[in-house]
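*Asks:* here's a sequence, model it:
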Amino acid sequence: MQIATQDRQTAPSTHSPHLHPALARDLSRCEVMRRDEEQTAFARLSEAREHGRHAEAARLLAEVERRNLRLVVSIAAGMATRRDARPFDLGDLIGYGYEGLRKAAENFDPRRGGKFAPFATYWIRAAIRRVIMNDGRTIRLPIGFQEQCAKVDAARARLAQAGVSEPSEAMLAAEAGLSVAVLQAVLRDMATVRCSPDSLDRPLRAWTDNDGPATMGDALSDDALLPADETLSAAQDAASARSALDRLDDRERVVVELRAGIGDPDGEAATYAEIGEVIGLTRERARQIEQKALAKMRRAIVA
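*Replies:* Sure, this is the predicted structure:
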């Protein structure tokens, strides 16, 4: 199996000083699941769940997780080299990745034809990346925005190495793989978030009331409160979307939900390549399924 071979080659040595001795012993004893073992394990797991044999289902899940521990360590070790991951210990990243593996094992459906390793890789990477981006800053920023900032910074560095110290917006957008409009929005937001943060409790000397000096928080309006008619309209739109989703078959629904970030804690949308790995198809086929599913949803909403 190609994936299993790759995991054996890229996983850190079981004698690495960065690994806890107990974890190193577990790695030395576990072997990556073969394709036939994987199919058998998930078939037995589905049967145990259907018949309410919870103890057996828990045991099978634990075995799947243990046999894929090398995959978690390999991914965590690779992501530990990122600059924003420096505050994290490798053991912590492995723990976060293991939580992603557990969710992958609980949500994997072998009847859809995909392999577990690519499916698990998506969940493991997402779990580790979410922790790095959430806990790496005092003020949390959306993961998608942080990734766009990283693209812009990398593009600037590449252009600077090529001798272009002040690139135009069009040149920078092309190098970063973004549209000019998106780049302008990212640059505007980057200038804001990279300033020194202010405190909502900072007194405003020029503004006082009967209770004493007002604070910065008192001067800010609450834009999150919507008028009653807009709240009702949003609820109706959500109900229509849920009804339209129910018209889709299983594969179409998986594609639409992954593409829209439904079910992801941060609402992060999956790429077509990631979706293709989950459902066992090419990225182009995943895009075609999404277009077909969206057309079906539009017809259902209009009807």
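*Asks:* could you list the low-pLDDT ranges of the stretch 151-300 of the chain?
*Replies:* 193-200, 204-213, 216-237, 263, 265-266 (pLDDT under 70).
*Asks:* do you have the strands of it handy? List them.
*Replies:* Ranges of strands in the stretch 151-300 of the chain, per DSSP state E, counting those that start in this stretch, are 203-209, 212-215.
*Asks:* residue closest to the middle of this structure?
*Replies:* Taking Cα atoms, centre = their mean as the criterion, A126 is the residue nearest the geometric centre of the chain, at 3.6 Å.
*Asks:* tell me the domain ranges of this protein?
*Replies:* 2-135, 141-196, 229-302 (automatic domain parsing).
*Asks:* make CSV out of the ones you listed and add distance to P203.
*Replies:* Quick note: C-beta positions are derived from backbone N, CA and C, even for glycine. Formatted as CSV, the domains of the chain follow (distance: least, Cβ to Cβ, whole Å):
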stretch, distance to P203
domain 2-135, 31
domain 141-196, 18
domain 229-302, 34
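*Asks:* and A214, which of those domains is closest to it?
*Replies:* Nearest to A214, of all the domains of the chain, is domain 141-196, at 21.5 Å by Cβ to Cβ.
*Asks:* can I assume T81 sits in a strand?
*Replies:* No - looking at T81 with DSSP: H, G, I helix; E, B strand; the rest coil, it is coil, so not inside a strand.
*Asks:* hey, which of the domains of the chain is tucked in deepest?
*Replies:* domain 2-135 (a mean of 17; mean count of other Cβ atoms under 10 Å).
*Asks:* just how off-centre is that domain within its chain?
*Replies:* 16 Å (Cα atoms, centre = their mean, to the nearest Å).
*Asks:* cool, and stretch 276-294?
*Replies:* 18 Å.
*Asks:* ok, now stretch 152-170?
*Replies:* The answer for stretch 152-170 is 28 Å, by Cα atoms, centre = their mean.
*Asks:* and the contacts of it?
*Replies:* Here stretch 152-170 makes contact (Cβ atoms under 8 Å, 6 or more residues apart in numbering) with 171-172, 175-176, 178, 180, 183-184, 186-187, 190.
*Asks:* one more pass at 7 Å, please.
*Replies:* 171-172, 175-176, 180, 183-184, 186 (Cβ atoms under 7 Å, 6 or more residues apart in numbering).
*Asks:* now the end-to-end length of it.
*Replies:* Start and end residues of stretch 152-170 are separated by 12 Å (Cα to Cα, to the nearest Å).
*Asks:* which phi and psi does M33 have?
*Replies:* Backbone torsions of M33, given as degrees, to the nearest 10, read phi -70, psi 140.
*Asks:* please report the distance of it from F119.
*Replies:* 13 Å (Cβ to Cβ, to the nearest Å).
*Asks:* next one: H54
*Replies:* Distance from H54 to F119, by Cβ to Cβ: 23 Å.
*Asks:* do V164 as well
*Replies:* In terms of Cβ to Cβ, V164 sits 41 Å off from F119.
*Asks:* dump stretch 171-186 to CSV, restricted to CA.
*Replies:* This file holds the C-alpha atoms of stretch 171-186, laid out as CSV (Å, rounded to 0.1, in the frame of the first residue of the first chain):
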residue,chain,number,x,y,z
MET,A,171,1.9,41.6,-9.5
LEU,A,172,1.6,40.7,-5.8
ALA,A,173,-1.9,39.2,-6.4
ALA,A,174,-0.7,37.0,-9.2
GLU,A,175,2.3,35.8,-7.2
ALA,A,176,0.0,35.0,-4.2
GLY,A,177,-2.6,33.3,-6.3
LEU,A,178,-5.3,35.8,-5.2
SER,A,179,-7.6,38.2,-7.1
VAL,A,180,-6.7,41.9,-6.9
ALA,A,181,-10.0,42.6,-5.0
VAL,A,182,-9.2,39.9,-2.4
LEU,A,183,-5.6,41.1,-2.1
GLN,A,184,-6.8,44.7,-1.4
ALA,A,185,-9.1,43.4,1.3
VAL,A,186,-6.4,41.3,2.9
